[in-house]
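**Student:** Have a look at this prediction, sequence included:
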Amino acid sequence: MPLFRAFSPLFMFAGALVFLFGIDLSPAWSAEAAEPVSNQSAAINPFSFILLELGLIVIVALIAHTLSRRYRLPVVLAELAIGVAIGNLLYWLNWSSLFFLIMHIGDAGELFKIVWNSNVSVAEAAGRIFTPAELGEGQVGGELVRALSQGESPELVLMGIALWLFSNLGVVLLLFKLGLETRVKELVKAEPIAFLVSLAGAAAPFLLGLLVSSWLLSESSTSVHIFVAAALCTTSASISTQMFSNLNRQHSAEARLALDAAFIDDVIGVFLLAIMAAVALDNKTEASEILGLIVSAVLFLAATALFVMQLFKRLPAFEQADEPHVKLLIPVAIVFLISWLSDLANLGAIAGAFIAGLILTGQRNSKEMIKQLITPLEKIFAPIFFVFVGMQVNLMLFLDPEIIWLTTLLAAAAVLGKMAAGFVARRTFDPRIVGLGLVPRGEAVLIFISVGKVLGIVSDSLFSVIVMMVIITNVMSPWALKRVFGR
């Protein structure tokens, strides 16, 4: 029995796979039974497929949480790992075209966009994107055309869009919660050394990433180099906090400095990534254009903060409302509207969600109540995003020595850049502990590259490389930190 309890999460994982394979998710997915399928699917509510899809992903996320608690792993890492395992297993087995669409969602999104806007056939749209070689049998372009031209394609597209929609909702709620949890006043009072460490921890990985990208991806555009370099900048404060807590060293001087720098990094990093995304998308490389984006971001933040604070002053009954849904709907409406306005201001919806959380952090009496109401929603939808990201990592790509070399150098740049930041505080603190505390990457990077993939800036291979870099930093840093503390 003790052995069974020790490995019960693995049995749960195996059971979920059996469940996945044992269920006929949709008769329409069977290419061999195309005729009877159309008759059956006409009698089934298409939304039922989406409900089944979401239910299975939530079960997978639940297993990830169990594994996380059992083996003291970051929850994000467990969700990513299970997403990678399931996505690749079902992709290799070619069980459904859905998993091929998920693995190549960037190309599928571009193809779908051309079909939608130009009113041309899938084959004609594919001819504009892929080369003749890529349209061959077994190639990405050819398989996408086949998947989107079959009788079951409406169900596949519907499920793919639903998964993308709910995962993005999870992103918005996640960043809203991160904004609520950001200790703005404490960060303002933080020691100057924390700001220097945070600045060095952003600049050093950016420069190293830019160097690696320019060297190994020399044929790529400037936008790609900026995206790769920016993806190495931010630290995950939540993962760093959990890492120090697991080692019972969260109260050490180095841990406090690293966490202060990580939280500063989170605040600066979200805006940095939003600005870098706008720069890369619009191909703005002039200093004046980048400065204009930064000024517009500051003005947008100030105007939004003023508006929301005035709004809450005119809602005196908000905290006294008896109906929980009233207390929930107001902040939800605020975060959605601010995210939309932020996207109009070229900052992106994710930056707007974080801004909304930062603003509502100032509402002392309402902050905890809003957090308690939002957390259940975030716990449902955010795991969908991380599992979804993991399912897009194609492990077959890592059979290519060039991909392995690129992953190794980017992971090295990510680690060495943060370790260099630790040496800024070497006179007073142990630089190894401070640096390792800043190594873990997480939510912000994954959100950033997911946006880049959908926009067509980040390729499938580069997406897989950066996600693997996130996994490596989360595996390596607690292992190395434990040994440093042990000495």
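**Tutor:** Perfect, thanks for sending it.
**Student:** Let me see the contact set for the nearest residue to Gly209 once chain neighbours are set aside.
**Tutor:** Spatial nearest neighbour of Gly209, excluding adjacent residues (C-beta to C-beta, 6 or more residues apart in numbering): Ala229 at 3.7 Å. C-beta coordinates here come from the backbone N, C-alpha and C atoms, glycine included. Applying C-beta atoms under 8 Å, 6 or more residues apart in numbering to Ala229 gives the contacts Pro205, Phe206, Leu207, Gly209, Leu210, Ser213.
**Student:** so where is the chain shaky, pLDDT-wise?
**Tutor:** 1-46, 152, 279-287, 289-290, 309, 311-326, 362-367, 487 (pLDDT under 70).
**Student:** how does it divide up, domain by domain?
**Tutor:** For the chain, automatic domain parsing gives the domain ranges 2-25+45-162, 171-486.
**Student:** looking at the ones you listed, which is buried most?
**Tutor:** Counting by mean count of other C-beta atoms under 10 Å, domain 171-486 has the highest mean neighbour count of the domains of the chain, with a mean of 20.
**Student:** Going along the chain, name the strands of the stretch 1-150 of the chain.
**Tutor:** Secondary structure of the stretch 1-150 of the chain (DSSP state E, counting those that start in this stretch): no strands located.
**Student:** and of the contacts of Ala229, the nearest to Ile102?
**Tutor:** Nearest to Ile102, judged by C-beta to C-beta, of the contacts of Ala229 is Ser213 at 25.9 Å.
**Student:** Check the gap between the closest one and Arg183 for me.
**Tutor:** Ser213 sits 33 Å away from Arg183, going by C-beta to C-beta, to the nearest Å.
**Student:** now do Phe47
**Tutor:** 41 Å.
**Student:** now swap in Met369 and tell me
**Tutor:** Applying C-beta to C-beta to Met369 and Arg183 gives a distance of 18 Å.
**Student:** Kindly report the same for Asp400.
**Tutor:** Separation of Asp400 from Arg183 (C-beta to C-beta): 43 Å.
**Student:** again with Pro331
**Tutor:** 19 Å.
**Student:** so who does Lys379 touch?
**Tutor:** With C-beta under 8 Å, 6+ apart as the criterion, no residue contacts Lys379.
**Student:** Assign it to helix, strand or coil.
**Tutor:** Classification of Lys379 by DSSP: H, G, I helix; E, B strand; the rest coil places it in helix.
**Student:** Contacts for stretch 180-199 next, please.
**Tutor:** Residues outside stretch 180-199 that contact it (C-beta under 8 Å, 6+ apart): 238, 257-258, 260-268, 357-358, 360-362, 367, 370-371, 374, 421-422, 424-425, 428, 434, 438.
**Student:** how much space between the residue lying closest to Val484 once chain neighbours are set aside and Phe206?
**Tutor:** Distances taken as C-beta to C-beta, 6+ apart put Arg432 closest to Val484, at 5.1 Å, once the chain neighbours are dropped. Noted for Arg432: a distance of 22 Å to Phe206, by C-beta to C-beta.
**Student:** I'd say Arg128 and Ile114 touch.
**Tutor:** Yes - the criterion here is C-beta atoms under 8 Å, and Arg128 meets it with Ile114 at 6.2 Å.
**Student:** just to revisit the earlier point, next secondary structure after the helix or strand where the residue nearest to Gly209 lies?
**Tutor:** Applying DSSP states H and E as the criterion places Ala229 in helix 222-231. Using DSSP H and E, the next helix or strand after helix 222-231 towards the C-terminus is helix 237-246.
**Student:** contact partners of that following helix?
**Tutor:** By C-beta under 8 Å, 6+ apart, the list of residues contacting helix 237-246 from outside reads 72, 74, 76-77, 178, 181, 250, 252, 255, 258-259, 262-263, 265-266, 437-438, 440, 442-443, 474, 477-478, 481.
**Student:** Off-centre distance for that helix?
**Tutor:** Taking C-alpha atoms, centre = their mean, to the nearest Å, one finds helix 237-246 lying 18 Å from the centre of the chain it belongs to.
**Student:** next SSE after that helix?
**Tutor:** Counting by DSSP H and E, the next helix or strand C-terminal to helix 237-246 is helix 253-282.
**Student:** Which elements pack onto the next helix or strand after that following helix?
**Tutor:** Along the chain past helix 253-282, the next helix or strand (assigned with DSSP H and E) turns out to be helix 287-313. Under the contact criterion of 3 or more C-beta pairs under 8 Å, 6 or more residues apart in numbering; DSSP states H and E, helix 287-313 touches helix 253-282, helix 324-344, helix 349-361.
**Student:** Now do the shortest one against helix 287-313, angle only.
**Tutor:** Compare the direction of helix 349-361 with that of helix 287-313 by axes from the mean of the first three to the mean of the last three C-alpha atoms, to 10 degrees and you get 40 degrees.
**Student:** try the second one
**Tutor:** Per the same axes, to 10 degrees, the angle that helix 324-344 makes with helix 287-313 is 160 degrees.
**Student:** Could you name the helices and strands sitting against helix 324-344?
**Tutor:** helix 153-181, helix 287-313, helix 349-361, helix 364-390.
**Student:** for Val465, what are its contacts?
**Tutor:** Here Val465 is in contact with Leu397, Ile403, Leu406, Thr407, Leu410 (C-beta under 8 Å, 6+ apart).
**Student:** now the residues you listed as TSV including distance to Val188 and secondary structure?
**Tutor:** Putting those into TSV (distance: C-beta to C-beta, whole Å; DSSP: H, G, I helix; E, B strand; the rest coil) gives the following:
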residue	distance to Val188	secondary structure
Leu397	44	helix
Ile403	43	helix
Leu406	39	helix
Thr407	38	helix
Leu410	33	helix
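**Student:** Nearest to Ala123 among those residues?
**Tutor:** Looking at those and their distance to Ala123, the nearest is Leu397, at 26.3 Å (C-beta to C-beta).
**Student:** you'd agree that closest one is up against Val467?
**Tutor:** No - Leu397 is beyond contact range of Val467, at 11.0 Å (criterion: C-beta under 8 Å).
**Student:** rewinding a little: show me the one of the helices and strands packed on helix 324-344 that comes nearest Leu90.
**Tutor:** Shortest distance between Leu90 and these, using C-beta to C-beta, is found for helix 364-390: 12.2 Å.
**Student:** and Ala147, how far is that from Leu98?
**Tutor:** Distance check for Ala147 against Leu98: by C-beta to C-beta, it reads 8 Å.
**Student:** intersection of neighbour lists for these two?
**Tutor:** Here Ala147 and Leu98 have Leu156 as joint contacts, going by C-beta under 8 Å, 6+ apart.
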